[in-house]
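A.B. asks: Please work out how this folds:
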Amino acid sequence: MSETAAARTWLRQQVQRLCPKSVASPAGGPGLPRPPRPRIAIVTDSAAALPPEWIQEFAGHGLLTVVPMPVIIGENVYSDDDAELETHVSLALASGTPVKTSRPSPGQFDRAYKGAADAGYDAVVSLHISTKLSGTFDAALMASRRAPLSVHVIDSCTAGMGQGRGVQAAIAATLLGAGAEEVMAAATAAMASTKVYFYVPSLEQLRRGGRISLASSWLGTVLDIKPILGIRDGAVVPLEKVRSAPKAIARLQALAEADIASRGAAATQISVHHFGNEEQAKALGGSLEAAFPSLDAATLTRLPAVLAAHAGLGVLVVVVSDALLPQGPSLQGDVPPQAAPGT
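C.D. replies: You can find the predicted model right below:
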């Protein structure tokens, strides 16, 4: 079993042990001992791009709450948890209909924090999309000041699974019974070790949303440059300029491969995001896996509509991060692994 697969198995075991009934061992023996009761609830927003099945698995017991972010198409406002939103955004982007985004309301965070208090948690660690990309942090901070329990709001300085890795690390820490400071440290270390690389066929949506300058988007349009972009210090920044889409995708793969090699494939996780081009994303993920046989399977997820509204159709994102939990004998059995920097 790979390191990250073992980590996921361990996380599932901890959640199962929170249930009222003990979990029988595979041999049919006594139930597994309960881990320390999590004291810290985790709140994030839909820009974290967490896989839906992961949210379903860990959102029980009030442990994780994902606050949906609104997307505005024409005069209609949609929530990022709307099952039909992908179709609406795709059609709007293809037809040139204006697509905008907004931060969640402070009231949405009021409800999330009250839910954590009602579920008996001591505090909340609330992790959100970069303040340079959204006002979500401000809405969460406003709600935190009137919350019925202690709330620690963190600017992830990133987005997508760059942010999502911080959420996963926070969940792992709180399942070990960690306090708020330890949970925040684990999340911060995970996000700091993560790199986001992406390709967009056009810079126009990023320009319209104010995520890049008018001069940059004009240059890309006039010269037909296909840029490779990244997120650095919380902002979208250009990394390289390539002359064609095939070359840009090849270069995106090369940058990801260099990052994976520098970390060591066995100690690395990757996620690939897409919007309107799932097969292209599968091919990219498959190429990275083929280049590194010891690399765990790529997590493939649709880019949240709130991010796709700015990136546009055909976006490809590769998120490279350290493995969620450290390799060690504790992952092979029932004893929880010790918390460590970067977990």
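A.B. asks: rest of the way, CA atoms for contacts and neighbours
C.D. replies: Fine.
A.B. asks: For Arg86, give its distance to Ala112.
C.D. replies: Wrong residue type there; residue 86 is Glu, not Arg. 24 Å (CA to CA, to the nearest Å).
A.B. asks: can you map out the helices along this protein?
C.D. replies: Assigned by DSSP state H, the chain shows helices spanning 3-17, 52-58, 85-95, 106-118, 136-144, 161-175, 180-192, 204-208, 214-223, 245-263, 278-291, 305-311.
A.B. asks: By mean pLDDT, show me the worst of those helices.
C.D. replies: Lowest mean pLDDT of the helices of the chain: helix 214-223, a mean of 44.
A.B. asks: re the thing from before, point out the most buried one among the helices of the chain.
C.D. replies: The highest average neighbour count among the helices of the chain, using mean count of other CA atoms under 10 Å, belongs to helix 161-175 at a mean of 28.
A.B. asks: Tell me what angle that one forms with helix 180-192.
C.D. replies: Here the directions of helix 161-175 and helix 180-192 differ by 150 degrees (axes from the mean of the first three to the mean of the last three CA atoms, to 10 degrees).
A.B. asks: Who are the packing partners of helix 161-175?
C.D. replies: Counting contacts by 3 or more CA pairs under 8 Å, 6 or more residues apart in numbering; DSSP states H and E, helix 161-175 packs against helix 3-17, strand 40-45, strand 123-128, helix 180-192, strand 316-322.
A.B. asks: and the last one, which strands flank it?
C.D. replies: This means strand 316-322. In the sheet, strand 316-322 lines up against strand 195-199 (antiparallel), strand 268-274 (antiparallel) (DSSP bridges).
A.B. asks: Off-centre distance for it?
C.D. replies: 10 Å (CA atoms, centre = their mean, to the nearest Å).
A.B. asks: I'd like the mean pLDDT over it, please.
C.D. replies: Here the average pLDDT along strand 316-322 is 96.
A.B. asks: Show me the contact partners of it.
C.D. replies: Strand 316-322 is contacted from outside by 161-162, 165, 190, 193-200, 252, 256, 259-260, 263, 267-275, 281, 342, using CA atoms under 8 Å, 6 or more residues apart in numbering.
A.B. asks: That one relative to helix 278-291, how many degrees between them?
C.D. replies: 40 degrees.
A.B. asks: And the second one, by the same measure?
C.D. replies: Relative orientation of strand 40-45 and helix 278-291, computed by the same axes, to 10 degrees: 130 degrees.
A.B. asks: now strand 40-45, how far from the chain's geometric center?
C.D. replies: 13 Å.
A.B. asks: In PDB, please show the C-alpha coordinates belonging to that strand.
C.D. replies: The C-alpha coordinates for strand 40-45 follow below in PDB (Å, rounded to 0.1, in the frame of the first residue of the first chain):
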ATOM      1  CA  ILE A  40     -11.400  21.200  16.800                       C
ATOM      2  CA  ALA A  41     -13.900  21.400  13.900                       C
ATOM      3  CA  ILE A  42     -12.700  22.500  10.400                       C
ATOM      4  CA  VAL A  43     -14.500  25.000   8.200                       C
ATOM      5  CA  THR A  44     -13.400  25.900   4.600                       C
ATOM      6  CA  ASP A  45     -15.000  27.100   1.400                       C
END
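A.B. asks: close enough to count as contact, Ala48 and Cys157?
C.D. replies: No. Ala48 sits out of contact with Cys157 when judged by CA atoms under 8 Å, with a separation of 11.5 Å.
A.B. asks: In terms of neighbours, single out the busier of the two.
C.D. replies: Ala48 (25 against 22; other CA atoms under 10 Å).
A.B. asks: for Tyr121, what are its contacts?
C.D. replies: The contact partners of Tyr121, by CA under 8 Å, 6+ apart, come to 38-41.
A.B. asks: Please tell me how far it sits from Pro51.
C.D. replies: Tyr121 sits at a distance of 24 Å from Pro51 (criterion: CA to CA).
A.B. asks: Repeat that for Val77.
C.D. replies: Separation of Val77 from Pro51 (CA to CA): 23 Å.
A.B. asks: repeat for His310
C.D. replies: According to CA to CA, His310 stands 20 Å off from Pro51.
A.B. asks: do Glu289 as well
C.D. replies: Following CA to CA, the distance that separates Glu289 from Pro51 is 19 Å.
A.B. asks: Equivalent analysis for Gly160, please.
C.D. replies: From Gly160 across to Pro51, the span is 11 Å (CA to CA).
A.B. asks: What of Lys132?
C.D. replies: Lys132 sits 24 Å away from Pro51 when distances are taken as CA to CA.
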